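Novice: let me see the structure of the following:
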Amino acid sequence: MMAALCVFSVGICRADVLPDFRALVREHGSSVVNISITQAASEVKMAHPQSGENPHVPEFLRRLLPDAPEIEPEEPEQSQGSGFFISDDGYILTNAHVVANAQTIQVRLLDRRVYSASLIGSDKRADIALLKIDGSGLPAVRMGRPDGLAVGEWVVAIGSPFGFENSVTAGIVSAKGRVFPEESFVPFIQTDVAINPGNSGGPLFNLAGEVVGINSQIYSRTGGFMGVSFAIPIDVAMEIQSQLRRSGKVARGRIGVGIQEVTPALASAFGLPSLDGALVGMVEPDSPALHAGVMVGDVIAGFGDTPVLRSDDLPRIVARMAPGREVPMEVIRDGTRQQLTVTLGHWPNAESSPPQRRIPPKLNDLARRGLSLSEPNGARLKTLGAQWGLEVKKAEGPAARARLREGDLLVASVTAGRQTPLRKLEDLDAALAQLGPQEALTVLLQRGIGRSFMVIEAR
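Specialist: The predicted model follows:
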């Protein structure tokens, strides 16, 4: 009976269909190090004043999981993580959160040698840190190409979960290009490799023994592994470490636009031929984009030599370019492709808060209209920071499902890609009159200082 099951299970019972990781671990296990830091208890408390925050979890994951319980180490002033040699002269990559506020950093090798390490630099936005120990002939890893990874491919992690040094876990690539809310610089590799506290900063290998990522953290509400882990692509990390090695900090380009995804409804409203590109909902005053001639309603289709296929692509493409560089940019405006040139600005400093990305509501959930509006006077418009618009007084039914809310300002309607200012209620009535009974209404909405396009379906 067992033999029959093996025949009809397409080789599942054969041990040789599974990868053998032994050679990989023998060859590369010595490249992985355990990192221990000491940190003043007062600094931990000052840096993380809220009792529900775990100081050893990156900021972007604390934003995702605000109700996750705190995991306290046995001694609050000590913590551990992982890292790996990227050169034989002692340069080590790890996560920035592993060495945050460290007073001392110690690196322990597989052969039990212990070194004091110096922090060359760290980049909190991408969660990357570069360390250096005094040594030579050290076992450096080989770098792979994350863009060559395929979903479903086997990968291996080596690290120090819960302080257990040189622990090996394996799994598959679950997805690529994951972008977290408010964190747009890193296209994370998602895996189901078991990653636990202490694994942070360790390498993610492909079956060729090449490092393709840095294990960053887990998505968990319990503090333990739940099958969803994230790694920073190694090409992103190596670009960052190059800057850290040169200057101890990271400079990123920026153009000063608020963008959103091109949905089918928005593509229809703007007369776009596809869903590719990043739709501009806001252009910052005195920004590189404004000086380059970018306008609200433009769709950025290409930046430099790189096509922009999704809105998430643009921040990463721009951030990887040096401030001050002149870059050609392709935009679609009124159905016509145009070429602009923008001179990149820069983020004020590499350690400031991450860029705030507005996440538009789930447009597929929008239904009928249902807006109660008023025409604000000049004083109210000045308070709202706008020259004109219709203020939302109540959002019921369709408007509520569109996530519109009291205090929002409808600035313009969009018909066939053209924007019409909404100064009076009659302007909105005229825009609705141009739509068919099943046609969606697209408006430019201002909420606070941000603007984005919203689609309100007919039913």
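
Novice: can I get the lengthiest strand in the chain as PDB, trimmed to CA atoms?
Specialist: Determined from DSSP state E, the single longest strand within the chain is strand 167-180. This file holds the C-alpha atoms of strand 167-180, laid out as PDB (Å, rounded to 0.1, in the frame of the first residue of the first chain):
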ATOM      1  CA  SER A 167      21.100  28.100  13.200                       C
ATOM      2  CA  VAL A 168      19.900  27.100   9.800                       C
ATOM      3  CA  THR A 169      16.300  27.300   8.500                       C
ATOM      4  CA  ALA A 170      15.000  26.800   5.000                       C
ATOM      5  CA  GLY A 171      11.800  27.600   3.000                       C
ATOM      6  CA  ILE A 172      10.700  29.200  -0.200                       C
ATOM      7  CA  VAL A 173      10.300  32.700  -1.700                       C
ATOM      8  CA  SER A 174       6.600  33.600  -1.100                       C
ATOM      9  CA  ALA A 175       6.500  36.900  -3.000                       C
ATOM     10  CA  LYS A 176       8.800  39.700  -4.200                       C
ATOM     11  CA  GLY A 177       8.600  43.400  -4.200                       C
ATOM     12  CA  ARG A 178       6.600  43.700  -1.000                       C
ATOM     13  CA  VAL A 179       6.200  47.400   0.100                       C
ATOM     14  CA  PHE A 180       5.000  48.400   3.500                       C
END
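
Novice: contacts made by it with the rest, please.
Specialist: Residues outside strand 167-180 that contact it (CB atoms under 8 Å, 6 or more residues apart in numbering) are 19, 21, 25, 29, 60-61, 63-64, 146, 149-161, 186-195, 199, 228-230, 312. Heads up, the C-betas are built off the backbone N, CA and C, glycines and all.

Novice: can you classify Gly29 by secondary structure?
Specialist: Of the three states, Gly29 takes helix according to DSSP: H, G, I helix; E, B strand; the rest coil.

Novice: quick one: contacts for the residue nearest to it when sequence neighbours are not counted?
Specialist: Leaving aside its sequence neighbours, Gly29 sits nearest to Asn166 (CB to CB, 6 or more residues apart in numbering; 5.5 Å). The neighbours of Asn166, taking CB under 8 Å, 6+ apart as the test, are 29, 32, 34, 110, 158-160.

Novice: from those residues, pick the one nearest Leu373.
Specialist: Gly159 (55.7 Å; CB to CB).

Novice: for the residue nearest to that closest one when sequence neighbours are not counted, phi and psi?
Specialist: Nearest residue to Gly159, sequence neighbours excluded (CB to CB, 6+ apart): Gly202, at 3.0 Å. Note on Gly202: its backbone torsions stand at phi -80, psi 160 [degrees, to the nearest 10].

Novice: OK, contacts around Leu422?
Specialist: 388-390, 410-413, 428, 431, 443.

Novice: same thing with Gly370?
Specialist: So Gly370 contacts 395-400 (CB under 8 Å, 6+ apart).

Novice: which ChimeraX command selects the buried ones in the residues you listed?
Specialist: Applying 16 or more other CB atoms under 10 Å to these, the buried members can be selected in ChimeraX as follows:
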select :395,398,399
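
Novice: now, the contacts of Asn166 that are in strands?
Specialist: Counting by DSSP E, these place 32, 34, 158-159 in strands.

Novice: from these, which has minimum pLDDT?
Specialist: Note: of the ones in strands among the contacts of Asn166, the lowest pLDDT belongs to Gly159, at 91.

Novice: just name the shakiest helix or strand of this protein by mean pLDDT.
Specialist: Lowest on mean pLDDT, DSSP states H and E among the helices and strands of the chain sits helix 2-8, with a mean of 46.

Novice: so where do the helices sit in the stretch 351-459 of the chain?
Specialist: 378-384, 398-401, 425-433 (DSSP state H, counting those that start in this stretch).

Novice: how far away is Leu130 from Gln217?
Specialist: 19 Å (CB to CB, to the nearest Å).

Novice: repeat that for Ala433.
Specialist: Counting by CB to CB - Ala433 and Gln217 are separated by 52 Å.

Novice: more neighbours, these two?
Specialist: Gln217 (25 against 7; other CB atoms under 10 Å).

Novice: pLDDT of the helix or strand where that one lies, averaged?
Specialist: Here Gln217, judged by DSSP states H and E, is contained in strand 210-218. When pLDDT is averaged over strand 210-218, the result is 88.

Novice: got it, and stretch 169-186?
Specialist: On average, stretch 169-186 scores 81.

Novice: buried residues in it?
Specialist: Using 16+ other CB under 10 Å as the test for burial, stretch 169-186 gives 169-171, 173-174, 176-180, 182-186.

Novice: can you check stretch 98-112 too?
Specialist: Neighbour-count burial for stretch 98-112, counted by 16+ other CB under 10 Å, picks out 98-100, 102, 105-109.

Novice: stretch 151-166 too?
Specialist: Those buried within stretch 151-166 under the rule 16+ other CB under 10 Å are 154-161, 163, 165-166.

Novice: thinking again about what came up before, helices or strands up against the strand holding Gln217?
Specialist: Strand 210-218 makes packing contacts with strand 142-143, strand 154-159, strand 183-191, strand 203-206, strand 229-233, helix 234-247 when contacts are defined by 3 or more CB pairs under 8 Å, 6 or more residues apart in numbering; DSSP states H and E.

Novice: and the fifth one, what does it pack onto?
Specialist: This points to strand 229-233. Using 3+ CB pairs under 8 Å, 6+ apart, strand 229-233 is in contact with strand 183-191, strand 210-218.

Novice: so which of these gets nearest Asn377?
Specialist: Comparing those by CB to CB, strand 183-191 comes nearest, at 37.7 Å.
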